[in-house]
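[1] take this sequence and fold it.
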Amino acid sequence: SVQRQGGEVQVRGWYATAILTIKEYMSEKFEFSVGSRAQEAPLDIQLLISEHEKLVDELTIVKDLVEPCFPPRYHIFDVFAETYHALTVELVQKILDAYASSLSTKDIIDIVNWIRDYHSQLDSLAAEVSPILTDDLDRLLQGYNFQTETMMRNWSSRILEEDLKMQPESGPDGRLYTIAPIDLFKMVGQQFEVVDVLGLERSTYTLAMTVYNVLDDYRAGVEGVLRDGWGTLELSHIAAQTNNCTRMMDGCSQLLEDLEGKLEPERLENVELQLLIDGFTAVS
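    Just a heads-up that it's a prediction; the model follows:
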């Protein structure tokens, strides 16, 4: 409504209407530019990040050119920053929940770097938003971590079965091996690439414990195959599975060395990789 007070014309409710209109515009633009990308299959993480960065770049324009056009009490820049942030938080959680089983290691690393770059840009503009996504990356990645553990356990449980269908090959030392140890530690290495980017000791420790359990399951599987199936296995497979244990020992030793620089001694001791090495030694 319009009222006259003295010689001034005052429009009641203009502030609320203006803010509502701005938020509706931002939500529609965010959905068109970014939100809709999260519905596409296959999900193009790089394109989504690129489109989001364009939106966040608008905050600089708002701060420099738009905010001076409004009364300070309107806090227009804060409205833009908080609205875009709420939409971003919802988007990130949706991606990590809905696509946890299909995100690649590179996708996760790109998402983590995107979140960090996003908050760095907000900090440079003195934007105060909540929650801070970088403060709780562990929780954000819970779905992905669960899928990773499930995948590793399922894969390791099948690897022996598939391994025994393949013909062993001679290694550089002239001994027979199969591909299983190489594939196992390749998979392990990919998962540690993600936690290395996070830079959180808790995430590294959680993954190390998962890896220990997965590798110990594999050790028990090899031991069972050699103990129960030696009468039906070809000699080449018996030799290859036994020799594989040497490669597993080497891989575990390297992993232990890598973790020494990433975990506190108390946590490293809990992982018990030396016990696992001894277990493979006994099988070999």
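
[2] tell me which element the residue positioned nearest the centre of the chain is part of?
    Ranked by distance to the mean C-alpha position of the chain (Cα atoms, centre = their mean), the top residue is Ile108 at 3.8 Å. For Ile108, the host element (DSSP states H and E) is helix 105-124.

[3] go through that helix and flag the buried ones.
    By 16 or more other Cβ atoms under 10 Å, the buried positions in helix 105-124 come out as 105, 107-112, 114-116, 118-119, 122. Just so you know, the C-beta spots here come from the backbone N, C-alpha and C atoms, and that holds for glycine as well.

[4] pLDDT on that helix, on average?
    Averaging pLDDT along helix 105-124 gives 89.

[5] helices and strands around that helix, which ones?
    Helix 105-124 is packed against helix 45-61, helix 76-98, helix 137-140, helix 180-198, with contacts defined by 3 or more Cβ pairs under 8 Å, 6 or more residues apart in numbering; DSSP states H and E.

[6] got CSV for these, with distance to Thr17, mean neighbour count and mean pLDDT too?
    Below are those laid out as CSV (distance: least, Cβ to Cβ, whole Å; neighbours: other Cβ atoms under 10 Å; pLDDT from 0 to 100):
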stretch, distance to Thr17, mean neighbour count, mean pLDDT
helix 45-61, 21, 16, 92
helix 76-98, 13, 18, 91
helix 137-140, 35, 17, 71
helix 180-198, 43, 18, 88
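
[7] closest to Cys245 out of the ones you listed?
    helix 180-198 (8.5 Å; Cβ to Cβ).

[8] show the subsequent helix or strand relative to the closest one.
    helix 201-229.

[9] which of the residues in that following helix are classified as buried?
    Neighbour counts over helix 201-229 (16+ other Cβ under 10 Å) mark 203-205, 207-208, 210-212, 214-216, 218-219, 221-223, 225-226 as buried.

[10] adding distance to Asp183, write the buried residues of helix 105-124 out as TSV.
    Converted to TSV, the buried residues of helix 105-124 look like this (distance: Cβ to Cβ, whole Å):
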residue	distance to Asp183
Thr105	15
Asp107	21
Ile108	20
Ile109	21
Asp110	24
Ile111	25
Val112	25
Trp114	30
Ile115	31
Arg116	31
Tyr118	35
His119	37
Leu122	41
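
[11] Val190: what's it in contact with?
    Actually, residue 190 is Gln rather than Val. Thr105 (Cβ atoms under 8 Å, 6 or more residues apart in numbering).

[12] contact partners for the closest residue to Arg247 other than its chain neighbours?
    Using Cβ to Cβ, 6 or more residues apart in numbering and skipping residues adjacent in sequence, the residue nearest Arg247 is Pro181, 3.9 Å away. Going by Cβ under 8 Å, 6+ apart, Pro181 touches 244, 247-248, 251.

[13] same thing but at 6 Å, please
    By Cβ atoms under 6 Å, 6 or more residues apart in numbering, the residues touching Pro181 are 244, 247-248.

[14] let's see which of those residues end up in strands.
    Applying DSSP state E to those, no entry is found in strands.

[15] many thanks, we can stop here.
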